[in-house]
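*Asks:* Kindly generate the corresponding structure for this input.
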Amino acid sequence: MSFSHTLYSAIRSVGAGVACCLFMAGCASLPPPSSQPGKPPPASLPTSLTGWVPLADVARRLQAPAAGLRVSAKGATLKTPSHTIRLVAGSRSMEIDGATIWLNAPPAFQPAGSKNLYLSAPDVRDLESLHTPPNKRLPQTARRRYLTVMLDPGHGGEDRGATSAVTRQQEKDLTLDLARRVAAGLARAPVHVMFTRNDDSALPLDLRVTLTANAPADCLVSIHANAAPNLQAAGVETYLVPAAGFPSTSGGASEAVAPGNRFADANFALAFAVHRQLAKLGRPDRGIKRARYHVLRNAPCPAILVEVGFLSNTSEARRLETSDYRQRLAEAIIAGIRAYVD
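*Replies:* Residues are numbered from 1 along each chain as shown. I've put the predicted structure just below:
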């Protein structure tokens, strides 16, 4: 996603809507206390960690064996029956099964120098979501056994998004091509797909959200490509909305609860399912990150935004221009959505 996308989010330029939808569109200090429930901490716990959860309690919640938790002065490794989680004390970056994830807040030892590592309640909730059966979060019934996915190709019309200085390809064309490829693949699965746009139309961000709500969609995935002043920047990343009261991965002010926070568990499960597949493509793994993009903070259902690569990077732009690599990207997103359902 380029700077132009951020500006576009602010001004919400008006364009023509379309009828169908398939929505693809480390902080060193501790954040404000979370209102999420967690085991009451010891009386000696600082106010800044009120509501946080001891890692030993997290291990029990995730049904990890006694030997599955190892804590050192640098962090911890937690092996559950289904995942391996690696945490670094004081860092917002963790790994789950080798994929990079940015936490809402860095884990903290309390007291300092002990092996009592605490996690914020929203980050604990994220870990729990990966251990929850899909039928607990998906609206499946005896008469409705499919998932409605909204794929949102970012940008469109006069909003070109990022443009490669080398290949001249435009983000709006790349995202539409990828969305169509994903839709074609999902059509062979028990998934109902819709598009926010299926042509070169400009589409205000508010309308993308409205179309998703009116569908109604069970989840949305917004597809974008990146650009940066650092021409060496490369790789894939996936975004979801931060927890209320916590900053975005890039920093900035925390915000109160947003509509998209209602789907916190499913947001993370969807982000992990898709990003885990994208990370297997061999490109730099920039991680699952947190941001309050309009389509994420206002989403009427679980929502993520994927950045499939940097058009500002010469080699990556050339890779993104090939049909073969675009198909591999589409198949990774397809596999992630299927994993989220199954």
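
*Asks:* got any ranges where the stretch 1-150 of the chain has weak pLDDT?
*Replies:* Within the stretch 1-150 of the chain, the segments meeting pLDDT under 70 span 1-47, 134-145.

*Asks:* Give me the residues contacting the longest helix seen in the chain.
*Replies:* Taking DSSP state H as the criterion, the chain has its longest helix at helix 323-341. Here helix 323-341 makes contact (CB atoms under 8 Å, 6 or more residues apart in numbering) with 24, 134, 138, 147, 149, 174, 177-178, 181-182, 185-186, 189-191, 219, 221, 223, 269-270, 273-278, 280-281, 306, 308-309, 319-320. Using the backbone N, CA and C atoms, a C-beta is placed for each residue, glycine as well.

*Asks:* From those, list just the buried residues.
*Replies:* Neighbour counting with 16 or more other CB atoms under 10 Å marks 24, 138, 147, 149, 174, 177-178, 181-182, 185-186, 189, 191, 219, 221, 223, 269-270, 273-278, 280-281, 306, 308-309, 319-320 as buried within the contacts of helix 323-341.

*Asks:* Can you pick out the ones from the contacts of helix 323-341 that are in strands?
*Replies:* 147, 149, 191, 219, 221, 223, 306, 308, 309 (DSSP state E).

*Asks:* Return the closest of the residues you listed with respect to residue 211.
*Replies:* Closest approach between these and residue 211, by CB to CB: residue 149, at 12.9 Å.

*Asks:* what about the closest one, distance to residue 304?
*Replies:* 11 Å (CB to CB, to the nearest Å).

*Asks:* got it, and residue 204?
*Replies:* Per CB to CB, residue 204 is found 20 Å from residue 304.

*Asks:* more neighbours, those two?
*Replies:* The neighbour count for residue 204 versus residue 304, taken as other CB atoms under 10 Å, is higher for residue 304 (33 against 18).

*Asks:* looking at this, that one is in a strand?
*Replies:* Yes - counting by DSSP: H, G, I helix; E, B strand; the rest coil, residue 304 is found in a strand.

*Asks:* got a list of what the residue nearest to it when sequence neighbours are not counted touches?
*Replies:* Distances taken as CB to CB, 6 or more residues apart in numbering put residue 271 closest to residue 304, at 4.7 Å, once the chain neighbours are dropped. Going by CB under 8 Å, 6+ apart, residue 271 touches 238, 239, 240, 288, 304.

*Asks:* How confident was the prediction at the residue nearest to the first one when sequence neighbours are not counted?
*Replies:* What that stands for is residue 238. Leaving aside its sequence neighbours, residue 238 sits nearest to residue 275 (CB to CB, 6+ apart; 3.9 Å). Confidence at residue 275, expressed as pLDDT, is 98.

*Asks:* residues contacting residue 275?
*Replies:* 99, 236, 237, 238, 287, 288, 306, 336.

*Asks:* and residue 305, how many neighbours?
*Replies:* 28.

*Asks:* Thought residue 239 was touching it, still the case?
*Replies:* Yes - assessed by CB atoms under 8 Å, residue 305 is found in contact with residue 239 at 4.3 Å.

*Asks:* Quick check: neighbours shared by these two?
*Replies:* By CB under 8 Å, 6+ apart, the residues touching both residue 305 and residue 239 are 291, 293, 296.

*Asks:* and those as TSV, adding secondary structure and distance to residue 51?
*Replies:* Output for the shared contacts of residue 305 and residue 239, formatted as TSV (DSSP: H, G, I helix; E, B strand; the rest coil; distance: CB to CB, whole Å):
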residue	secondary structure	distance to residue 51
291	coil	23
293	coil	27
296	helix	24
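
*Asks:* Out of those residues, which end up buried?
*Replies:* For those, buried by 16+ other CB under 10 Å: 291, 293, 296.

*Asks:* pLDDT for those residues - can I get that in JSON lines?
*Replies:* Below are those laid out as JSON lines (pLDDT from 0 to 100):
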{"residue": "291", "pLDDT": "97"}
{"residue": "293", "pLDDT": "97"}
{"residue": "296", "pLDDT": "98"}
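
*Asks:* Closest to residue 315 out of these?
*Replies:* residue 291 (25.6 Å).

*Asks:* isn't that closest one right up against residue 242?
*Replies:* Yes - Residue 291 lies in contact with residue 242 (CB under 8 Å); the separation is 7.3 Å.

*Asks:* what sits in contact with each of those two?
*Replies:* What both residue 291 and residue 242 touch, as defined by CB under 8 Å, 6+ apart, is the set 248, 249.

*Asks:* How about residue 52, nearest residue that isn't a chain neighbour?
*Replies:* Counting by CB to CB, 6+ apart, the residue nearest residue 52 is residue 118, at 4.2 Å.

*Asks:* Against which helices or strands is the helix or strand encompassing that neighbour packed?
*Replies:* Here residue 118, judged by DSSP states H and E, is contained in strand 117-119. With contacts taken as 3 or more CB pairs under 8 Å, 6 or more residues apart in numbering; DSSP states H and E, strand 117-119 sits against strand 53-54, helix 55-61, strand 108-109.

*Asks:* Output those in CSV, with mean neighbour count and distance to residue 74 appended to each entry.
*Replies:* What follows is the helices and strands packed on strand 117-119, written out as CSV (neighbours: other CB atoms under 10 Å; distance: least, CB to CB, whole Å):
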stretch, mean neighbour count, distance to residue 74
strand 53-54, 22, 18
helix 55-61, 18, 13
strand 108-109, 18, 10
